[in-house]
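Undergrad: Sequence first, predicted model second:
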Protein chains: 4
Amino acid sequence: MKKKLWAGRFDKAMAKEVERFTASISFDKRLFRYDIEGSLAHVAMLARSGLISKADATALRRGLKKVRDELANGTYKPDAGYEDIHMAVESRLKKHVGPVADKLHTARSRNDQVALDTRLFVRGEIGEIDGGINALQRAIVRCAWRYRDLVMPGFTHLQHAQPVLFAHHCLAYVEMLQRDRERLSDCYRRADCMPLGAGALAGSTLPIDRRYVAGLLGFKTVSRNSIDAVSDRDFIVEFLAAIALIGIHLSRMAEEIVLWVSREFSYMEIDLSYLSGSSLMPQKANPDVAELVRGKSGRLMGDLVALLTVLKGVPLAYNRDFQEDKEPLFDAVDTVRGCLAIMAGLWGRIGMRRNVVEKALWGDYSQATDLAEYLVARGCPFRKAHEIVGKLVKRCIRERMALEEITLDVLRAASDKFDSDALSILQHHTGVKRKRSLGSTSPREVMKELRSWRKKLGLVTA
Amino acid sequence: MKKKLWAGRFDKAMAKEVERFTASISFDKRLFRYDIEGSLAHVAMLARSGLISKADATALRRGLKKVRDELANGTYKPDAGYEDIHMAVESRLKKHVGPVADKLHTARSRNDQVALDTRLFVRGEIGEIDGGINALQRAIVRCAWRYRDLVMPGFTHLQHAQPVLFAHHCLAYVEMLQRDRERLSDCYRRADCMPLGAGALAGSTLPIDRRYVAGLLGFKTVSRNSIDAVSDRDFIVEFLAAIALIGIHLSRMAEEIVLWVSREFSYMEIDLSYLSGSSLMPQKANPDVAELVRGKSGRLMGDLVALLTVLKGVPLAYNRDFQEDKEPLFDAVDTVRGCLAIMAGLWGRIGMRRNVVEKALWGDYSQATDLAEYLVARGCPFRKAHEIVGKLVKRCIRERMALEEITLDVLRAASDKFDSDALSILQHHTGVKRKRSLGSTSPREVMKELRSWRKKLGLVTA
Amino acid sequence: MKKKLWAGRFDKAMAKEVERFTASISFDKRLFRYDIEGSLAHVAMLARSGLISKADATALRRGLKKVRDELANGTYKPDAGYEDIHMAVESRLKKHVGPVADKLHTARSRNDQVALDTRLFVRGEIGEIDGGINALQRAIVRCAWRYRDLVMPGFTHLQHAQPVLFAHHCLAYVEMLQRDRERLSDCYRRADCMPLGAGALAGSTLPIDRRYVAGLLGFKTVSRNSIDAVSDRDFIVEFLAAIALIGIHLSRMAEEIVLWVSREFSYMEIDLSYLSGSSLMPQKANPDVAELVRGKSGRLMGDLVALLTVLKGVPLAYNRDFQEDKEPLFDAVDTVRGCLAIMAGLWGRIGMRRNVVEKALWGDYSQATDLAEYLVARGCPFRKAHEIVGKLVKRCIRERMALEEITLDVLRAASDKFDSDALSILQHHTGVKRKRSLGSTSPREVMKELRSWRKKLGLVTA
Amino acid sequence: MKKKLWAGRFDKAMAKEVERFTASISFDKRLFRYDIEGSLAHVAMLARSGLISKADATALRRGLKKVRDELANGTYKPDAGYEDIHMAVESRLKKHVGPVADKLHTARSRNDQVALDTRLFVRGEIGEIDGGINALQRAIVRCAWRYRDLVMPGFTHLQHAQPVLFAHHCLAYVEMLQRDRERLSDCYRRADCMPLGAGALAGSTLPIDRRYVAGLLGFKTVSRNSIDAVSDRDFIVEFLAAIALIGIHLSRMAEEIVLWVSREFSYMEIDLSYLSGSSLMPQKANPDVAELVRGKSGRLMGDLVALLTVLKGVPLAYNRDFQEDKEPLFDAVDTVRGCLAIMAGLWGRIGMRRNVVEKALWGDYSQATDLAEYLVARGCPFRKAHEIVGKLVKRCIRERMALEEITLDVLRAASDKFDSDALSILQHHTGVKRKRSLGSTSPREVMKELRSWRKKLGLVTA
């Protein structure tokens, strides 16, 4: 057991089992870079404010960097006896620089220190995740571009609804992911607020300069209420909520991949390097990657629920419950980064089976809506048109005819508003091309969007 | 059972139990204003685009307004036989205006229609909730202002940590709530995107003008991908996550109120009009309002979890599962609005028991940190200072002395760096006043913040 | 506003908004039968213990029954001014029987009363849900029996794994549901404990007879700690957890139905009376029932999370937060009962498309495992056998051969352990029949299970 | 990268990033004992059924034990290149015993193998957790016994409600925990079902003897449906739900401890060895243990939500998503075991501050209910009695009198039913003693319960 740095008033050592139970070093050591980055800025400020001498500052700076290097290259492995990374760093620092280390914690509490570390971590991880989403968007757009003329069944209720361009379908995911990036960026704004100097909860009587620290660490704002500063975990909740939603998006995408590589769909192939076999069944080649991504949405939701529950009903200001913020945070970050990266890899290794996809359209009656709109354009009220085409479909089903096969006579039997130009609508490709509305699946609209995304994502030079 | 408007291809009526199970009219009738507002804009666009005549448009507009009035004043109560509010409105419209009603649904699906209605609803409710938070902030700031000179124990771990101003504590909540407003405003930006015209999922072949509709309805942007437009429920998830976090904030505030009105704390009184009695115990006066607010954070979390689960693993585009978005949304909105309003009322009916609060500071050793900083200012390394003061506290506890009572001799026995000016620090009020850092509990900082909030919230004229 | 029955010590009326916010009458009126059933037993006990006279008891009993009838037939509709169903009943009772009503609440608090009502409710609903599961199991078993000789692809990873009997697949769901019933039955045991007499939290000084009340109400045990009795909501949590898991099971079943009725699978047909159309697309016939059931698993999870959150960190004994137990409970019960009933209906209206299902097996290599086991039976170590068959499958894929098509020569080229009897294994039906292990998909095992379930579920007479 | 044991049909190695993403060895290595225990039973069965020779069985048995020892003592550390513990064990086994290792996986799939391992793990952990609860119950009962005559305020709404025995309050927790044990025991029954032999999903063609394996491993039943056997994770959900509820119970207990050691309550002291200090504030001694336990209820809820979400909407049978069952399971088990142990430790290190607790009763009017029941016993209808005493309390509050202080005159002014014997009720202790009902806080009832628990928990010999 390490001597506690706060043991002044205590007559009695902490029980071993309590040390083990309360220690966070096993997971918060991961924050060491941020912890030391924060301490370096703190030291600079203390010196500038005259709270420590320049010589002290130099010693502390040198020592902190040394500890950082040792932690980075593994020559210093803090043992489990430390409470947390803050104490592990400070103790090691003292070993290197001697008693001057005792000045580091001036005008600082672990309450504001851990708030700072976590904000630095979240800021950094938002950048990483944003990069991960970007890479996934690029992979999707590349795939969409490769198959940009492929027409496929568009689904609602997992039933063929209307033919759409495969690229249009892909871009729906790109849009979703773009919203995720916006949410992360909003979350960043709220994380970008410097808490150090709030002390335990009340601020300091010493002449510290919090804005200077914020400047050194690149924070846009400084927290304006010290009680709030140490008890605020909102930025983590917001981050976990954004991540949970990314997870949901990935689960939807993964579900479709699982469906599309099923034998029954056979719309998609995945390169063998991204498939798994079975320990029992010699023929199996399974889309495990997509399944795991789908499943991992669960833990991302769990992480969010965990933190919200931790915060429920806890009074101001800091409470030790808050230590439970870190493991869900770390887990969510690692999970979502892993999922984004592997999904980007997967999108680079899929192939659409053009023949299967296009053949799937045959006889699915998904041109019906366009036929109804044809009638509307000829003055038929929509509900009437809907009913006419509905009955036509019913007749076709009964007579086992595909819409592609029917003659003008059959059409005109349904409504005399049908002219020979209606026959072209019976081909799925025509239906797609006839779309006109902004954001629709018309090739013109989709190509406009595809080009815009390719530019935005840096896949082509403007 | 109402005749289904989509029954063309069906030979057979829907089973009664399926009608009941799938109908959403019992809850989505609440969207009628938004549904009709959307339809009015749609009609205007159809006429402008030449898809219907001006006369038709006039008739439809007149009819829609009539249905709206009837729904508003209760003369039309759609019965449970309708599938949803869209069908209930259209059927009633047809009763009023005849066959022209069949043209209303031109170039529109319920998929994009319900997406539009829900976005209009969310935009509106964000405004309402923002107003509710504003009112609560005003109530808190008013209370903080009333007791702006009250010094109280600041808590960490529910232990006295350092003395703080009551107003400072209050403003911590005001900061939290301000972040909630920012999050809502970010959420609004993403909700503010017009989906109509996406049709079922593919857009339309008819010459519709989506930007015109967006303009009429005050939307900033138009959705750019029709598949995404009908399958996107992200804005609701984000809204529910923001609401869940508001709920957590309110639960923390409520917890403190419950604590503070407990007999043991007795820091706070609540006006009898906001207390409840007991059916059995004649003496009871309970803070039920705060308890219920605390408890209601549970259902807000449940609503968020419900929707995230609904979306998990569901492929593109629209699926009927999405109908399950509305009840959690409505429940969350109603719950959080109720909680915000009642908490604003409660803050207006509390009184702080000054004597109790100030007496609570006596003998709590919460001046210790300031003593340590005193030593730091005199050149003592912080860890050393912490230890010295820790031992001093230990001695006081052993000898049953309050810090307020000790003499200079006792101080100097702990460290000869203590001078007579240290004695003043032994008074809690001095400690508060000596704080200097930005965002600290120093009266200067707190008054600056209080004034700024009063201005921002319109409590004083600038 | 109704006069509060606890207003003795209050100088001041409760604020209108507080009445509205705290009232539970809008939802707990649903408990009226249980509330009155509990009061009738309470009255009987009070009389038996001599706490009220027989005449009083008769009057109260008559009055309570009258109130029950009025609530049942709607002639008494408690207005929103009552706090809760207990007060609404007591007030009405007083109107009918006069001052003797003031004796009803003797030795009773609303804390134990509502605990009793909720336990009675949960006991009743467990029975209803158990019945709902039973009906669903019967529907599944009937369907399994109808297609008892149908061989279909068994899936893992949504890939064809090994051929199985459709009935075997169905019985997997029957097993799941049976566990749900067991869980409900365990939950019942814990709900079956009588709390009345715990009073507010401390019990009573009056000579009440709690065991007598328990006997009248059919409770197996009597709570042994009055503090626990009024603060225990575990039985609801456990019930909601059991319901959430039922919801998950139904979501899995629903997912498969959605898949199987997709055009790509086409394994299953649903009667038109259980399908829905589209307001835009005339050809659509969607499995909305299954989609909604899948989606409703979300709210069941939300309900569970809601209640767990309510309870988190709340001290003993009763707190008003607990009022938030009822709405998730009611919602979960209604939702799961609705889902069970409609799924039972759905299973009665599906047809398997035998030709499609059996044709789906062709060329899927799902006989591979049986080939490997053939080799094992001839002394080949399993890993070796797995590798041999894996290579054989690879060759077939390369040469575009189905396993069904290959000759003995091809087999023997893979391993000379293959004899002519191996050829029969290449037919999927043979593979199913060759299974031997207990619980396997062998027709013998499956028929044994089917028969056992049919008996157990009362579909055939023993 | 390890050669995959299922690579027969694959032309191409799995991509490195896919290996990393899909591997579970980093966490499932924890199951090694169970995995090998299962394999040993499997080997015994294979030999008995003649599927492998006795010599092979002996070699495999010896090899498996060796691998187990190596894993136990750390001489074999499976590297990250293995997919999972099953493959790591089998590969190591092959290194020790050569080609005979290829026979181990006969008639087995990883699907049923991992189901078996997990069930063995859950059975074991249920025992451990049950033991942990037992130890906590013992610690609570010991503490209750130590203070068995201490009367304290009983709380509802965190307001003094009625005086209760401290021991009665403690036993409320013992009851809660006992229900947790019952739930675990029910959960055990459902986990106690042997899945091995289900193979991938269809069972085996080889003459395996599943009942024999079940017997060797001490399972009560054998799964009866192979598809269900490999896709069932219900027993983990049920276990996680039971654990989440334990977490909620501990959070309630922890909340009270935090309250009671607050300066304002000061009901309880905790030994310094179980308290923590502050890095900034020298005087602090914080109940971090209780706070962390309270907070950890969050991750237990998160673990439950995670798994439920994983399972939502996933079709039969095994899917790779299920691999996500293990980390929440492990986390929940470790967390709850840690919490139970530390709470047992904590209960052994608390002291009640008798003087403070008893003084807290003074003037709290919590005798009011007993006064009302006094009147009832004298024939006053309860509502009337409630009102009379309510008014009496109001008068006392107005005149700043404690109920303990009032005279018979004051009482009789309220109601002439009061006689001199009523005066004794004004002492809180009398109120406790006058309780009569079963399960009440009367000393007789509480001592009966205390004695019964002491016997049941083995604290005294019967």
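TA: Ah, there it is.

Undergrad: quick one: secondary structure of residue A:351?
TA: Assigned by DSSP: H, G, I helix; E, B strand; the rest coil, the conformation of residue A:351 is strand.

Undergrad: Which strand residues bridge it?
TA: Taking DSSP bridges, one finds residue A:269 as the beta-bridge partners of residue A:351.

Undergrad: Correct me if wrong: it contacts residue A:269.
TA: Yes - look at residue A:351 against residue A:269 with Cβ atoms under 8 Å: they come within range, at 4.6 Å. The C-beta positions use only the backbone N, C-alpha and C, and glycine is treated the same way.

Undergrad: more neighbours, these two?
TA: Neighbour comparison, residue A:351 and residue A:269: the larger count goes to residue A:269, with 16 against 12 (by other Cβ atoms under 10 Å in any protein chain shown).

Undergrad: so who does that one touch?
TA: Neighbour list for residue A:269: A:261, A:350-353 [criterion: Cβ atoms under 8 Å, 6 or more residues apart in numbering or on different chains].

Undergrad: what's the pLDDT at it?
TA: As predicted, residue A:269 sits at a pLDDT of 95.

Undergrad: Contact partners for residue A:289?
TA: A:274, A:342-343, A:346, D:18, D:21-22.

Undergrad: what separates it from residue A:349, distance-wise?
TA: Distance, residue A:289 to residue A:349, by Cβ to Cβ, to the nearest Å: 9 Å.

Undergrad: Identify the contacts common to the two.
TA: Here residue A:289 and residue A:349 have residue A:274 as joint contacts, going by Cβ under 8 Å, 6+ apart.

Undergrad: What is the neighbour count of the residue in the stretch 51-200 of chain A positioned nearest to chain C?
TA: Here the residue of the stretch 51-200 of chain A nearest chain C is residue A:157; by Cβ to the nearest Cβ that distance is 3.8 Å. Neighbour count of residue A:157, defined by other Cβ under 10 Å: 25.

Undergrad: and it, what does it touch?
TA: Neighbours of residue A:157 in contact, by Cβ under 8 Å, 6+ apart: B:318-320, C:258, C:284, C:286-288, C:291.

Undergrad: how about it, phi and psi?
TA: Here is the backbone geometry of residue A:157 (degrees, to the nearest 10): phi 60, psi 20.

Undergrad: That one and residue B:22, how far apart?
TA: Taking Cβ to Cβ, one finds residue A:157 at 12 Å from residue B:22.

Undergrad: and for the two, which residues touch both?
TA: With Cβ under 8 Å, 6+ apart, residue A:157 and residue B:22 have common neighbours B:320, C:288.

Undergrad: Got the phi and psi for residue A:164?
TA: The phi/psi pair for residue A:164 (degrees, to the nearest 10) is phi -140, psi 160.

Undergrad: Quick check: residues of the stretch 201-350 of chain A near chain C?
TA: A:258-259, A:261-265, A:277-288, A:291, A:305, A:308-309, A:312-314 (Cβ under 8 Å from any Cβ of the partner chain).

Undergrad: try it again with 6 Å
TA: Contact residues, the stretch 201-350 of chain A versus chain C (Cβ under 6 Å from any Cβ of the partner chain): A:258, A:262-265, A:280-283, A:286, A:309, A:312-313.

Undergrad: Out of these, which one has the lowest pLDDT?
TA: Of all of these, residue A:280 carries the lowest confidence score, 69.

Undergrad: so where does the residue located most distally from the centre of chain A fall, helix or strand?
TA: No residue in chain A sits farther from the centre than residue A:409, which is 54.1 Å out by Cα atoms, centre = their mean. With elements taken from DSSP states H and E, the one containing residue A:409 is helix A:408-414.

Undergrad: Mind giving me the packing neighbours of the helix or strand just after that helix?
TA: Counting by DSSP H and E, the element after helix A:408-414 in chain order, helix or strand, is helix A:422-425. Contact analysis of helix A:422-425 by 3 or more Cβ pairs under 6 Å, 6 or more residues apart in numbering or on different chains; DSSP states H and E lists helix A:368-377 as its packing neighbours.

Undergrad: For the helix it packs on, give the mean pLDDT please.
TA: Mean predicted lDDT for helix A:368-377 stands at 93.

Undergrad: mind saving the C-alpha coords of that helix as CSV?
TA: Output of helix A:368-377 as CSV, limited to C-alpha atoms (Å, rounded to 0.1, in the frame of the first residue of the first chain):
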residue,chain,number,x,y,z
ALA,A,368,-47.3,0.2,-59.1
THR,A,369,-46.8,3.6,-57.5
ASP,A,370,-45.4,5.0,-60.7
LEU,A,371,-48.4,3.7,-62.6
ALA,A,372,-50.7,5.5,-60.1
GLU,A,373,-48.7,8.7,-60.5
TYR,A,374,-49.1,8.3,-64.3
LEU,A,375,-52.8,8.4,-63.9
VAL,A,376,-52.6,11.4,-61.5
ALA,A,377,-50.6,13.3,-64.1
